[in-house]
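Engineer: Prediction below, plus the sequence it came from.
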Amino acid sequence: MTSFISHTSIDCTNAYELSQWWKQVLGYVDVEDDPNLPGHEECMILDPETKHSVLFIEVPEGKTVKNRIHFDLRPREGTRDEELERLLGIGATVVADHRGKYGPGTAWVTLADPEGNELCILRSQAEVDAQS
């Protein structure tokens, strides 16, 4: 017997605002017939292609240490650096820049979402394939 991951949960202080931000980042949508609204303490978003879902749950305590789990994002289109600029434009902040650390065109940039949760932006698959 085994289990599977039903959804990914993220603790936060404002479930609605953070779910809206992540919808912009991932291209996810609200669950059909269960729209996320301001004031909701739990907000779920869904990838319309893969059906992966992320649940944002309001908790009383704030983030205090580095995440033990985080998203590594790969752009669906364009390059890592183009996606980095887009994410910075909608409110992400740079935590650490590891570009080129393992040679030209390699590595990632660690970012934080508006509530400080870490995420990494990797090179697109086209960039990876072009380097091979």
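Structural biologist: Looks like it came in fine. Numbering: from 1, shown residues only.
Engineer: residues of the worst-scoring helix or strand of the chain on mean pLDDT that come out buried?
Structural biologist: Within the chain, judged by mean pLDDT, DSSP states H and E, the helix or strand with the poorest mean is helix 125-131; its value is a mean of 89. Neighbour counts using 16 or more other C-beta atoms under 10 Å place Glu127 of helix 125-131 among the buried residues. To be clear about C-beta, it is placed using only N, CA and C from the backbone, and glycine gets the same treatment.
Engineer: domain assignment for this structure?
Structural biologist: With automatic domain parsing as the criterion, the domains of the chain are listed as 1-61, 69-132.
Engineer: With respect to those, which exhibits the lowest mean confidence?
Structural biologist: Set side by side, the domains of the chain show their lowest mean pLDDT on domain 69-132, which sits at a mean of 92.
Engineer: Between the two ends of that one, how far is it?
Structural biologist: When the termini of domain 69-132 are compared using C-alpha to C-alpha, to the nearest Å, they are 28 Å apart.
Engineer: Tell me the helices and strands packed up against the longest helix seen in the chain.
Structural biologist: What stands out as the longest helix in the chain, according to DSSP state H, is helix 15-26. The helices and strands touching helix 15-26, judged by 3 or more C-beta pairs under 8 Å, 6 or more residues apart in numbering; DSSP states H and E, are strand 42-46, strand 53-58.
Engineer: Name the stretch among those that sits most buried.
Structural biologist: The highest average neighbour count among the helices and strands packed on helix 15-26, using mean count of other C-beta atoms under 10 Å, belongs to strand 42-46 at a mean of 20.
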